[in-house]
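*Asks:* Below is the structure, and that's it, no one-letter string:
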């Protein structure tokens, strides 16, 4: 089974990562001790070099060389630390996959609930966003840009229907390459989540914006003058000391003057360069994201286009590489000793400003598209995750939105599925169903807890997956195109003075108003326990009238109910409604459900049995 093979892959990756972690820790500790020893040697040699004694010039030279060696060791140490952070990010990513093969993914902290709005009824009914949602299960998004993009796709799957074929091929290719998914998520996680030095802004209330705008970096003439004067003055003092013209102590005076000049201008310099050094993408860890894309070999058209944008002639890869190097130089400021020395001796802020302005001028335009690239691959990769952890099939779309709008017939725009299952349920326990559904009105009856509501959600959530180009959890799945409307988790609004019954009326009114539009695409309305908030007499009369209105003009309605009276309902054109049902059986005086949909109306009830099991009704009654 493909999923068993994938699970074994992630378990093996966990073992490899642990071995790498131990090796890196040993290397990190060795360099840390060596760096400390070289730093102490530099302090001693510099002290001997600035105090009058025989051979003090040699001590001073040795101290300077020790400082250089210390800086080199810092770079090596930072490189090991970067690998450790990437490995830690990778371990977090790989640990999440085994949870997705079962139901432990429900403990993932990011459930996408913050993207839900009050009007997002379909998203709540189908568990697309929020606790226990599709978003929570499949999301590998680590950047705020990717998270918003995935949420937007789930909220409006119709907006990308024109790209469905390209997306389908791309998602299928990514699902066949779990190693790339893991490497890519790890690189993005390190850059946007685990990077301590450049934390990512993750705004819950509005979509993130790029803090960097091309062409905004300025390098004034006075900055250039000081960029030359500060290091030149320090160099002149060093030469004078080495030639015996002045005492070694003057190097401290020169350093302090350079430090005060550079630090005193820091606010004005940062005001000109803030756009680049406060951008999330300025992180030195972002370049590995694009290297991961560059190293991949894609076959699908969409993924090939993405890769070409990264490595092509527009310079995005080169721009990101140069920015990564610039970020590494900026990161030297975070070491207090190194930052102070660079500030006082070479006017570090002016040099960084010069390099930033040159990069902005030469690479800014190419860099600006980086955010979209990262978000798009995160979103596509998230949908691919479903096919990694669940058995899926590539769905067939028998009618495009344009064709569906022109041809509002039912039979040509129905549903066919075999072994269709809900993607969010435990794969070891979930029950699949077969079916061909093309009637304008289908009535589903059945006992309590027999699976009616779950079936409605199963159909709908797999349709959403089909629309966005993802795999669906089935052996076969084909459908036309329809706009989804749901009435399932209907709640009252006490503050607004709206009862549950009236809230459901408003939902069904919205469906009816949409269907009345002659230019609208055909609808699929999924209604669970229609008008359950009122008495049985009014419910039956109201349901008959509402369902007749909803099942006309090419729309399609699937409704669950306990009211057997609706089974004989005729549609607007006078043809009988189609009936399906779920039922229960009894084994050793216990209710047993097979959760299998069957033809015809239900003929059994289990309310009394459930009441008796709960001790609320005597058997004699």
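*Replies:* Received it, and whenever you're ready, just let me know what you need. The model shown is predicted, which means the values in this text are computed figures rather than measured ones. Numbers count the residues shown, from 1 in each chain.
*Asks:* How many neighbouring residues does residue 84 have?
*Replies:* For residue 84, the count of nearby residues is 16 (other Cβ atoms under 10 Å). Backbone N, C-alpha and C define where each C-beta goes, glycine included.
*Asks:* can you check the one 5 residues further on too?
*Replies:* One way to gauge burial is a neighbour count; for residue 89, by other Cβ under 10 Å, it gives 23.
*Asks:* Assumed it was part of a helix.
*Replies:* Yes. Counting by DSSP: H, G, I helix; E, B strand; the rest coil, residue 89 falls inside a helix.
*Asks:* correct me, but it touches residue 184?
*Replies:* No. Using Cβ atoms under 8 Å, residue 89 makes no contact with residue 184, being 11.1 Å away.
*Asks:* Could you find the closest non-adjacent residue to residue 386?
*Replies:* Closest residue in space to residue 386, ignoring its immediate chain neighbours: residue 138 at 5.3 Å, by Cβ to Cβ, 6 or more residues apart in numbering.
*Asks:* what's that neighbour in contact with, if anything?
*Replies:* 100, 382-383, 385-386 (Cβ atoms under 8 Å, 6 or more residues apart in numbering).
*Asks:* for the residue most central in space within the chain, helix, strand, or coil?
*Replies:* By Cα atoms, centre = their mean, the chain has its centre lying nearest to residue 141, at 2.1 Å. For residue 141, the assignment made with three-state DSSP gives coil.
*Asks:* I'd guessed it sits against residue 377; true?
*Replies:* No. Counting by Cβ under 8 Å, residue 141 does not reach residue 377; the two are 9.8 Å apart.
*Asks:* you'd agree residue 519 is up against residue 405?
*Replies:* Yes. Between residue 519 and residue 405 there is a contact under Cβ under 8 Å: 7.1 Å.
*Asks:* Looking at these two, which has the bigger crowd around it?
*Replies:* residue 405 (16 against 5).
*Asks:* what's the closest non-adjacent residue to the more buried one?
*Replies:* residue 521 (4.9 Å).
*Asks:* next one: phi and psi at that neighbour?
*Replies:* Phi and psi for residue 521, reported as degrees, to the nearest 10, are phi -70, psi 150.
*Asks:* How about the secondary structure of residue 525?
*Replies:* strand.
*Asks:* could you give the mean pLDDT of the helix ranked longest in the chain?
*Replies:* Counting residues, the longest helix found in the chain (DSSP state H) is helix 2-50. Helix 2-50 comes out with an average pLDDT of 84.
*Asks:* Figure out how far it is from the centre of its chain.
*Replies:* When distances are taken as Cα atoms, centre = their mean, to the nearest Å, helix 2-50 is centred 29 Å away from the chain's centroid.
*Asks:* and that helix, what other elements does it pack with?
*Replies:* helix 56-101, helix 178-192, helix 370-389 (3 or more Cβ pairs under 8 Å, 6 or more residues apart in numbering; DSSP states H and E).
*Asks:* Quick check: which of those is nearest to residue 47?
*Replies:* Among the helices and strands packed on helix 2-50, the nearest to residue 47 by Cβ to Cβ is helix 56-101 (8.0 Å).
*Asks:* what's the very next helix or strand once past that closest one in contact with?
*Replies:* Moving toward the C-terminus from helix 56-101, the next helix or strand (DSSP states H and E) is helix 121-125. With Cβ under 8 Å, 6+ apart as the test, helix 121-125 has contacts from 116, 128-130, 154-155, 457, 460, 484-489, 507, 526.
*Asks:* Ok, stretch 51-58 next?
*Replies:* 48-50, 59, 241-242, 248.
*Asks:* want to try JSON lines for these, with neighbour count as columns?
*Replies:* Formatted as JSON lines, the contacts of stretch 51-58 follow (neighbours: other Cβ atoms under 10 Å):
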{"residue": "48", "neighbour count": "16"}
{"residue": "49", "neighbour count": "21"}
{"residue": "50", "neighbour count": "19"}
{"residue": "59", "neighbour count": "20"}
{"residue": "241", "neighbour count": "21"}
{"residue": "242", "neighbour count": "12"}
{"residue": "248", "neighbour count": "20"}
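*Asks:* Tabulate the residues you listed (JSON lines), appending distance to residue 111.
*Replies:* JSON lines is the format used below for these (distance: Cβ to Cβ, whole Å):
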{"residue": "48", "distance to residue 111": "62"}
{"residue": "49", "distance to residue 111": "61"}
{"residue": "50", "distance to residue 111": "61"}
{"residue": "59", "distance to residue 111": "62"}
{"residue": "241", "distance to residue 111": "64"}
{"residue": "242", "distance to residue 111": "65"}
{"residue": "248", "distance to residue 111": "63"}
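*Asks:* List the buried residues in stretch 304-318.
*Replies:* 306-307, 309-311, 315-318 (16 or more other Cβ atoms under 10 Å).
*Asks:* of those, closest to residue 577?
*Replies:* residue 306 (47.3 Å).
*Asks:* what's the average pLDDT for stretch 483-496?
*Replies:* Here the average pLDDT along stretch 483-496 is 75.
*Asks:* Looking at residue 605 now. What's its pLDDT?
*Replies:* For residue 605, the predicted pLDDT is 60.
*Asks:* make that residue 436, sorry
*Replies:* Residue 436 is given a pLDDT of 93.
*Asks:* Which helix or which strand is home to it?
*Replies:* strand 433-437.
*Asks:* what does that strand rub up against?
*Replies:* Against strand 433-437 from outside (Cβ under 8 Å, 6+ apart): 414-421, 455, 458-459, 556, 558, 578, 580, 595-597.
*Asks:* quick one: which of those residues sit in strands?
*Replies:* 415-420, 556, 558, 578, 580 (DSSP state E).
*Asks:* before we move on, back to that, mind putting the helices and strands packed on helix 2-50 in TSV, mean pLDDT and distance to residue 336 included?
*Replies:* Compiled in TSV, the helices and strands packed on helix 2-50 are given as follows (pLDDT from 0 to 100; distance: least, Cβ to Cβ, whole Å):
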stretch	mean pLDDT	distance to residue 336
helix 56-101	86	12
helix 178-192	90	24
helix 370-389	93	31
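*Asks:* which of the contacts of helix 121-125 has the most neighbours?
*Replies:* Result: residue 154 is most packed of these (other Cβ under 10 Å), 27 neighbours.
*Asks:* how close does that residue sit to residue 64?
*Replies:* Distance of residue 154 to residue 64, computed by Cβ to Cβ, to the nearest Å: 59 Å.
*Asks:* circling back to that earlier point, in the contacts of stretch 51-58, find the pair that's most separated.
*Replies:* Of all pairs drawn from the contacts of stretch 51-58, the greatest distance, 15.0 Å, lies between 48 and 242 (Cβ to Cβ).
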